[in-house]
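Asker: Dropping a prediction and its sequence here:
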Amino acid sequence: MTPEEQAAHDALLAKVKETAKTEIETRGYQNADAVQAAIDAKLKDMPLDALRSYDADKKAFETTIKNLAAEQQKLNARSQFSANGEPIQQDPIREMLEANRTEIETRFKNVGQKSEFKFDIQARAAAVMTTTNTIDNTTHSIPIAMIDSMSMDSFAKTRRGIQFINDIADRRVVSKISLYKTWLEEGTEEGAFAIVAEGALKPLVSTGVVRNYAKAKKIAGKYVVTEEFAKFFEEAYGIIRGLINDKLVRDYSALLVTDLNAQAASYTGTALDGTIEAPNDYDAVAAVASQIMALNFVPDVLIVNPNDLWRIRLTKDEQGRYLFPVQNTTGGIDMFGFNVITSTYQTAGSFTLGESGLFKIEEEPITVRMGYGVTVTGASPVTSVVSDFDNNMFRVIVETYFLDWIPTAYIGSFVKASFATVKAALQVPPAP
């Protein structure tokens, strides 16, 4: 390139850069510095003829700037990196609210005039699932070469404890439940039959029934997803839908266990109290079984935490021999003939023993519904309003109705007790 051509090139380059700077400032890009740097890099080695075409065709130049700004925005939305190469996590939900603040404020002012808008208060800090915040690629260090050479293994699901409510409750699914479930229970008996002499007055006997009832409850939740995530991340979205349904089942089971524990009896004492020297965990289970059987129930299910199960199995005598071989011939766990369920959802240090099938559960199939709504953050004042429809999002509601109850006559058929409390009651009192 001759000196004259070089001078013309530099002058035109400066003019084009200034035009780009003015256009970027006019459009008010949030990532203006990054866009300007990208434009400068693109123009740096551009031939003189190409620069002239950029200067001549203003519309094409504006399109180039918009495309570069969009690409830069996508990169910024994924992640940024600090000077030492560590990823800096972004907050796409906050960025979306900031970018659309004016529109949100305008929409909120007009909500009262539009009957089709519905407010849906978010009580929990659950995020909208998008293409940028749902799949975490930063927890593990991903090799650069993996982008060019990789295959997908099966989805790795978190291991969770065994849900034991089905092992102790009588649970059934019906097509539709009523608001109330009612039943009759045996009431109080009066009088007694007796041997009477000929012609003598017969004793009067009577009994009655008592009506009891349970009221239906609903467990529900929702999640919000962008349409882009559901469209372009189809496999991940399918996995997440399964995870959400699994979470409903887990949370539902936890609520049922809470109701079960509320109806469970505690250890009140038996004839074994104060009769055993240095009682162990096996003795504690036996004492609770004795209490249940004294009420004419037949305990058959024992629920323990894994820590307690292994403490019992590792108990040894003075010669180092294991006292309680609790594994049966089929490989299962057996204690006093009870079906032993080991679950991390059982409180460590406590156990539940009872007769299965007397705690009742009636439920409808899980219902899944999809629609649009408005998410409102804050109250008095409201800080933001986000419309699903306007932001290419939709929400899915997952719910079910259920009833759970135990007849009054069956209370005492299962007991939740502390190993330490029962063993303290069984201990022979110290000599005076």
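Answerer: Sure, I can see it. Residues are numbered from 1 along each chain as shown.

Asker: Show me what secondary structure element comes after the worst-scoring helix or strand of the chain on mean pLDDT.
Answerer: Least confident helix or strand of the chain, by mean pLDDT, DSSP states H and E, is strand 119-121 with a mean of 34. Going down the chain from strand 119-121, the next helix or strand is helix 165-168, by DSSP states H and E.

Asker: and that following helix, what's its mean pLDDT?
Answerer: What helix 165-168 shows for mean pLDDT is 88.

Asker: now stretch 373-389
Answerer: Averaged across stretch 373-389, the pLDDT comes to 86.

Asker: Flag every buried residue along it.
Answerer: Buried residues in stretch 373-389, counted by 16 or more other C-beta atoms under 10 Å: 373-376, 384-388. C-beta coordinates here come from the backbone N, C-alpha and C atoms, glycine included.

Asker: now swap in stretch 216-223 and tell me
Answerer: Within stretch 216-223, the residues that qualify as buried are 216, 219, 222-223, counting by 16+ other C-beta under 10 Å.

Asker: ditto for stretch 235-252
Answerer: The neighbour-count check on stretch 235-252 (16+ other C-beta under 10 Å) flags 236-237, 240-241, 244, 248, 252 as buried.

Asker: now these in JSON lines, with distance to T158, pLDDT and secondary structure?
Answerer: Output for those, formatted as JSON lines (distance: C-beta to C-beta, whole Å; pLDDT from 0 to 100; DSSP: H, G, I helix; E, B strand; the rest coil):
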{"residue": "A236", "distance to T158": "16", "pLDDT": "83", "secondary structure": "helix"}
{"residue": "Y237", "distance to T158": "18", "pLDDT": "80", "secondary structure": "helix"}
{"residue": "I240", "distance to T158": "13", "pLDDT": "84", "secondary structure": "helix"}
{"residue": "R241", "distance to T158": "16", "pLDDT": "83", "secondary structure": "helix"}
{"residue": "I244", "distance to T158": "14", "pLDDT": "84", "secondary structure": "helix"}
{"residue": "L248", "distance to T158": "16", "pLDDT": "87", "secondary structure": "helix"}
{"residue": "Y252", "distance to T158": "18", "pLDDT": "89", "secondary structure": "helix"}
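
Asker: Looking at these, which is nearest A289?
Answerer: If you rank the buried residues of stretch 235-252 by distance to A289 using C-beta to C-beta, Y252 comes first, at 29.5 Å.

Asker: nearest residue to that closest one other than its sequence neighbours?
Answerer: I219 (5.1 Å; C-beta to C-beta, 6 or more residues apart in numbering).

Asker: try T270
Answerer: Nearest residue to T270, sequence neighbours excluded (C-beta to C-beta, 6+ apart): S290, at 4.6 Å.

Asker: Looks to me like the one you found is in a helix.
Answerer: Yes. Applying DSSP: H, G, I helix; E, B strand; the rest coil, one finds S290 inside a helix.

Asker: My read is that it contacts G269, right?
Answerer: No. Using C-beta atoms under 8 Å as the test, S290 is too far from G269 to be in contact (9.9 Å).

Asker: so what secondary structure elements neighbour the stretch of helix or strand V396 belongs to?
Answerer: Secondary structure from DSSP H and E places V396 in strand 393-405. Applying 3 or more C-beta pairs under 8 Å, 6 or more residues apart in numbering; DSSP states H and E, one finds that strand 393-405 contacts strand 209-215, strand 217-226, helix 227-232, helix 234-263, strand 359-363, strand 367-371.

Asker: circling back to that earlier point, wait, which of the buried residues of stretch 235-252 is closest to E228?
Answerer: Y237 (10.4 Å).

Asker: Please list all residues in contact with the closest one.
Answerer: 225, 229-230 (C-beta atoms under 8 Å, 6 or more residues apart in numbering).

Asker: what does F419 give?
Answerer: 281, 284, 308, 349-351.

Asker: got it, and V428?
Answerer: Counting by C-beta under 8 Å, 6+ apart, V428 touches 274-277.

Asker: Which per-residue confidence value corresponds to it?
Answerer: With respect to pLDDT, V428 scores 91.

Asker: for A37, same thing?
Answerer: pLDDT, A37: 70.

Asker: For my notes, confirm it occurs in a strand.
Answerer: No. Remark: A37 does not belong to a strand; assigned using three-state DSSP, it is helix.

Asker: Next, find the distance separating it from E18.
Answerer: 15 Å (C-beta to C-beta, to the nearest Å).

Asker: swap in P3?
Answerer: P3 sits 23 Å away from E18, going by C-beta to C-beta.

Asker: Identify the residue nearest A254 in space, chain neighbours excluded?
Answerer: Closest residue to A254 apart from its sequence neighbours, by C-beta to C-beta, 6+ apart: Y345 at 7.4 Å.

Asker: so Y322 sits right up against Y282, yeah?
Answerer: No. Using C-beta under 8 Å, Y322 is not in contact with Y282, being 11.8 Å away.

Asker: Between the two, which is the more surrounded one?
Answerer: Y282 (15 against 11; other C-beta atoms under 10 Å).

Asker: Show the pLDDT at the more buried one.
Answerer: 89.

Asker: Can you tell me how far it is from F232?
Answerer: Separation of Y282 from F232 (C-beta to C-beta) stands at 58 Å.

Asker: ok, now V396?
Answerer: 18 Å.

Asker: Please list all residues in contact with Q163.
Answerer: Q163 sits next to 249-250, 253, 343, 345 when contact means C-beta under 8 Å, 6+ apart.

Asker: hmm, which two among these are most spread apart?
Answerer: V249 and S343 (14.5 Å).

Asker: does L179 really touch K215, like I thought?
Answerer: Yes. Applying C-beta under 8 Å, one finds L179 in contact with K215, separated by 6.7 Å.

Asker: tell me which of the buried residues of stretch 373-389 is nearest to K423?
Answerer: Ranked by distance to K423 (C-beta to C-beta), the buried residues of stretch 373-389 are led by T375 at 52.4 Å.

Asker: want to throw the buried residues of stretch 235-252 into a markdown table with distance to R369?
Answerer: Listed next are the buried residues of stretch 235-252 as a markdown table, based on distance: C-beta to C-beta, whole Å:
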| residue | distance to R369 |
| --- | --- |
| A236 | 22 |
| Y237 | 17 |
| I240 | 17 |
| R241 | 13 |
| I244 | 13 |
| L248 | 13 |
| Y252 | 17 |
